[in-house]
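In: build me a structure from this.
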Amino acid sequence: MIWGIHCHNDSELAVANSLAAVAAGVRHVQGTINGYGERCGNANLVSILADLELKTKYEPVPVGKLGELTEMARYVSEIVNIAPDDHQPYVGRSAFAHKGGVHGSATARASSAYQHVDPSVVGNVMRLVVSELGGKANTQLRAEQLGQQLDGVDPKALSQLIKQLEAEGLAFEGAEASFELLVKRHKAGYVPPFALCDFTVLVEQRGGAELLSEATVKVEVAGEVLHTAADGNGPVNALDSALRKALGAFYPQLDAVHLVDYKVRILDSEEATGAQTRVIIDSSNGVLEWSTMGSGTNIIAASCLALCDSLEYAIWKTGAEVRRRDERHFTTVVPSRPGAVGAVRSKRSH
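Out: As a prediction, the model looks like this:
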């Protein structure tokens, strides 16, 4: 007779009880990928498979597939439309992440110092987090992991700047594209592909009519200034549309960039509506995915910072070049209300 076990996670013991049952002779373990299930979930087969193969004398069926564990866990999360748990054992993005300065420094010398298994065995990777707790080792190693050599950049000074920025509300842990841009901007010879001169966002509702959102932006590219307006279903959407419309005239590659996710976090809730706000934007061009951030007491301004970083990152990473003047096409914006601004190209006056 073959005994089996079926555990739920109401006491956070589903995996532990399943492993104890195997040790007692059970050979059939029921559970779900990522522990999805009613109430607090079922036994997480992802952790059980890794624990059995890496921590015990037993071999799960099938053998030799553990390297696909992370990919499988994330694939299932996509199917069920649940965001992956970054802190899930073995397969989470933070499962092998090192944030503190001591951790980062030790991991740089011996990767097994703070890792119970080799991340590659389960298809995951080690990640050094750049944060206010990290030292220059974290900063340098994380930059190198992202393909950024700190040539001509002092890692200690950069680390101190990161700590200062995070004290002001930024968080590079969840916005690695913004970190890459920070490194790039500190290198000699880097010229930003555009500059946001100014922007205006209007939200209007009169007499119970439909709520209207409109944004105008003025950007400078290669000495030229473009003033553009766009409507949106909200102030951030309008701002995003206006930025894309303006920059798309110079960099048509940005047409492929779209927003994947938009997250807002209140950092000091005791300040109520005047609280410091952090905005993180996930973007994609169909090939690459990246995250950028902005922070401030004004959610629109914070969103604008994150949007500008996202578009600058896309231009840099794709190697986009400014479209020649004779190839540019500017579409006049039809105002949604009296006084709205259309698309206007002008030379910057000095």
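In: residue ranges with poor pLDDT in the stretch 251-350 of the chain?
Out: The model of the stretch 251-350 of the chain has pLDDT under 70 over residues 267-271, 273-274, 324-350.
In: could I get the full set of strands for it?
Out: For the stretch 251-350 of the chain, the strands defined by DSSP state E, counting those that start in this stretch occupy 258-266, 277-284, 289-296, 344-347.
In: wait, which of these is closest to residue 42?
Out: Between residue 42 and those, the shortest gap by Cβ to Cβ is with strand 258-266, which sits at 27.0 Å. The C-beta positions use only the backbone N, C-alpha and C, and glycine is treated the same way.
In: from the chain's centroid, how far away is the closest one?
Out: Centroid displacement of strand 258-266 relative to its chain, using Cα atoms, centre = their mean, to the nearest Å, is 9 Å.
In: would you give the sheet partners of it, along with the direction of each?
Out: Using DSSP bridges, the strands paired with strand 258-266 are strand 277-284 (antiparallel).
In: what's in contact with the strand it pairs with?
Out: The contact list for strand 277-284, computed with Cβ atoms under 8 Å, 6 or more residues apart in numbering, reads 169-171, 174-175, 257-267, 289-299, 302-303, 305-307, 310, 313-314.
In: roughly how far out does stretch 112-130 sit from the chain middle?
Out: Worked out by Cα atoms, centre = their mean, stretch 112-130 lies 20 Å from the chain centre.
In: what mean pLDDT does that stretch have?
Out: Averaging pLDDT along stretch 112-130 gives 80.
In: picking up where we left off before, now the buried members of the contacts of strand 277-284.
Out: Among those, those buried by neighbour count (16 or more other Cβ atoms under 10 Å) are 169-171, 174-175, 257, 259, 262, 290-296, 299, 302-303, 305-307, 310, 313-314.
In: ok so, going back, of all the strands of the stretch 251-350 of the chain, which one is nearest residue 30?
Out: Proximity to residue 30, assessed across the strands of the stretch 251-350 of the chain by Cβ to Cβ, is greatest for strand 258-266 (33.1 Å).
In: what's the angle from that closest one to strand 289-296?
Out: Between strand 258-266 and strand 289-296, the angle comes out at 40 degrees (axes from the mean of the first three to the mean of the last three Cα atoms, to 10 degrees).
In: what does strand 258-266 contact?
Out: For strand 258-266, contacts defined as Cβ under 8 Å, 6+ apart pick out 236, 240, 275-285, 289, 299, 303, 310.
In: tell me how far stretch 283-294 lies from the chain's centre.
Out: 7 Å.
In: oh sorry, the question was meant for stretch 72-79
Out: With Cα atoms, centre = their mean as the basis, stretch 72-79 stands 18 Å off its chain's centre.
In: okay, that stretch in PDB with CA atoms only?
Out: What follows is stretch 72-79, C-alpha atoms only, in PDB (Å, rounded to 0.1, in the frame of the first residue of the first chain):
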ATOM      1  CA  MET A  72       7.900  26.600 -14.400                       C
ATOM      2  CA  ALA A  73       6.900  28.600 -11.300                       C
ATOM      3  CA  ARG A  74       6.900  31.900 -13.100                       C
ATOM      4  CA  TYR A  75       5.100  30.400 -16.100                       C
ATOM      5  CA  VAL A  76       2.300  29.100 -13.900                       C
ATOM      6  CA  SER A  77       2.000  32.500 -12.200                       C
ATOM      7  CA  GLU A  78       1.500  34.000 -15.600                       C
ATOM      8  CA  ILE A  79      -1.200  31.500 -16.500                       C
END
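In: could you give the mean pLDDT of it?
Out: Stretch 72-79 shows a mean pLDDT of 86.
In: what of stretch 200-213?
Out: Averaged across stretch 200-213, pLDDT comes to 86.
In: now do the end-to-end distance for that stretch.
Out: Terminal residues of stretch 200-213 lie 11 Å apart, using Cα to Cα, to the nearest Å.
In: contact partners of that stretch?
Out: Stretch 200-213 has contacts (Cβ under 8 Å, 6+ apart) with 214-217, 231-235, 237-239, 300, 336-337.
In: of these, grab the buried ones for ChimeraX.
Out: In ChimeraX, this line selects whichever of the contacts of stretch 200-213 come out buried by 16+ other Cβ under 10 Å:
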select :214,215,216,217,231,232,235,237,238,239,300
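In: ok, so of the contacts of stretch 200-213, who is nearest residue 54?
Out: Residue 54 has its nearest neighbour among the contacts of stretch 200-213 in residue 237, at 46.3 Å by Cβ to Cβ.
In: list the residues that contact that closest one.
Out: For residue 237, the contact set (Cβ under 8 Å, 6+ apart) comprises residue 213.
In: nothing else from me, thank you.
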